[in-house]
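Novice: Provided below for reference: sequence and predicted model.
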Amino acid sequence: MKKTVFVDGQHGTTGLKIRERLSGRKDIEIIEVPEEKRKDPEAKSKLLNEADIVFLCLPDDAARESVSLIKNDSVCVIDGSTAHRVTEGWVYGLPELRKEQRSLIKKSKRIAVPGCHATGFVAILYPLVTKDIIGPEYPVTCHAVVGYSGGGKSMIGDYENGDMPDYVKNPRPYALELNHKHLPEMTKVVGLARPPVFSPTVFNIYSGEIISIPLVASHLKKALSAADIRAVLADYYAGERFINVMPYPPDDYLKNGFLTFADCNGTNNLDIFVFGGKERILLSARFDNLGKGASGTAVQNMNLILGLPETTGLE
């Protein structure tokens with residue numbers, strides 16, 4: 001029998017991408033609230049309790065409300081919001097995080113999909129903290145450049161307005177209070193003693209992201225060069241389908257000395273790069289903020305829960 005799937009918030013950016021990735025699949029059945037009952041809370045509550053799997057693609061408060069409406073213990077919730085990423089009892093939905101993570105996801109009924117920025121940050125840094133190369137007290141700084149789709153419908157509207165002013169066309173640093181909503185998961189999941197200094201910049205391209213973390217070799221707990229760090233990460237992610245640690249030195253994939261931006265767009269891939277030498281090291285992750293940073297990982301989690309190959313619908 002086919003498993004039923006309900007996408008709560010299917011008209012938002014992530015919801016639309018999840019629906020797109022699920023379209024045409026014969027192994028599941030998408031159920032949805034009829035158009036005439038879209039604002040009927042009872043109709044929504046009914047589906048929340050009937051579905052085998054519920055994707056939440058909602059603002060945080062709305063996600064919490066939807067979870068509160070679920071009384072059926074057999075319903076598995078995959079939440080794409082920030083609401084439950086550091087909540088006790090919820091499993092962090094990054095399958096590649098550690099060896100036991102896939103087993104934890106398969107057994108759980110409450111899975112929190114990582115944030116887009118956190119996806120790259122955790123993928124780069126978690127192995128190095130786990131291997132005792134970076135200590136919890138290390139003063140981590142991080143910068144990201146990201147497409148405007150990460151800001152949702154409002155920001156998409158700003159950028160796709162035909163009368164877009166020049167200040168919107170140009171790169172724009174944001175979250176300047178240095179209290180971005182992804183910081184709690186970035187700090188907790190990696191195991192840092194304090195939040196990183198995180199400065200994201202949005203610019204005029206629909207999707208894609210590169211997130212970068214500089215390291216000072218003399219402050220590491222082990223005397224490692226950029227090439228050594230690359231070897232550690234390559235070993236950690238050996239055999240992973242969606243996380244690729246790129247070769248070192250990086251000359252072969254740089255374009256005239258520049259790292260290209262959109263190569264992972266439209267995929268569930270995340271590429272990790274290591275630049276620098278013996279004293280100064282730069283770690284970068286490139287991925288689609290709507291793919292591995294949102295809808296792709298959400299579907300990857302669903303595939304795990306259903307006992308399917310993780311690549312189903314993602315290649």
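Specialist: That came through, no problem.

Novice: what's across from residue 200 in the sheet?
Specialist: residue 144 (DSSP bridges).

Novice: Next up, the contacts around it.
Specialist: 117, 143-146, 173-175, 180 (C-beta atoms under 8 Å, 6 or more residues apart in numbering). C-beta coordinates here come from the backbone N, C-alpha and C atoms, glycine included.

Novice: mind redoing it with 7 Å?
Specialist: 117, 144, 146, 174-175, 180 (C-beta atoms under 7 Å, 6 or more residues apart in numbering).

Novice: State the number of residues packed around residue 106.
Specialist: 15 (other C-beta atoms under 10 Å).

Novice: And for residue 2?
Specialist: 11.

Novice: where along the stretch 101-250 of the chain do the strands fall?
Specialist: 110-112, 141-147, 172-173, 197-203, 209-216, 243-245 (DSSP state E, counting those that start in this stretch).

Novice: Of all those strands, which one comes closest to residue 70?
Specialist: Nearest to residue 70 among the strands of the stretch 101-250 of the chain is strand 110-112 (9.8 Å), distances taken as C-beta to C-beta.

Novice: Residue 177 and residue 199: what is the separation?
Specialist: 11 Å (C-beta to C-beta, to the nearest Å).

Novice: Have a look at these two and say which one is more surrounded.
Specialist: Neighbour count, other C-beta under 10 Å: between residue 177 and residue 199, residue 199 has more, with 15 against 6.

Novice: contacting residues for the more buried one?
Specialist: Counting by C-beta under 7 Å, 6+ apart, residue 199 has contacts 143, 173.

Novice: per-residue pLDDT, it?
Specialist: Reading off the confidence values, residue 199 has pLDDT 97.

Novice: again, but for residue 304
Specialist: The model reports residue 304 with a pLDDT of 97.

Novice: where exactly do the helices run in this structure?
Specialist: 13-22, 41-50, 60-69, 101-107, 116-130, 152-160, 166-169, 183-190, 226-236, 296-305 (DSSP state H).

Novice: okay if I get those as a markdown table plus distance to residue 211?
Specialist: Formatted as a markdown table, these follow (distance: least, C-beta to C-beta, whole Å):
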| stretch | distance to residue 211 |
| --- | --- |
| helix 13-22 | 18 |
| helix 41-50 | 33 |
| helix 60-69 | 22 |
| helix 101-107 | 20 |
| helix 116-130 | 4 |
| helix 152-160 | 18 |
| helix 166-169 | 22 |
| helix 183-190 | 10 |
| helix 226-236 | 14 |
| helix 296-305 | 15 |
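
Novice: Out of these, which gets nearest to residue 206?
Specialist: helix 152-160 (7.9 Å).

Novice: tell me the angle the closest one makes with strand 197-203.
Specialist: Orientation of helix 152-160 against strand 197-203 (axes from the mean of the first three to the mean of the last three C-alpha atoms, to 10 degrees) gives an angle of 50 degrees.
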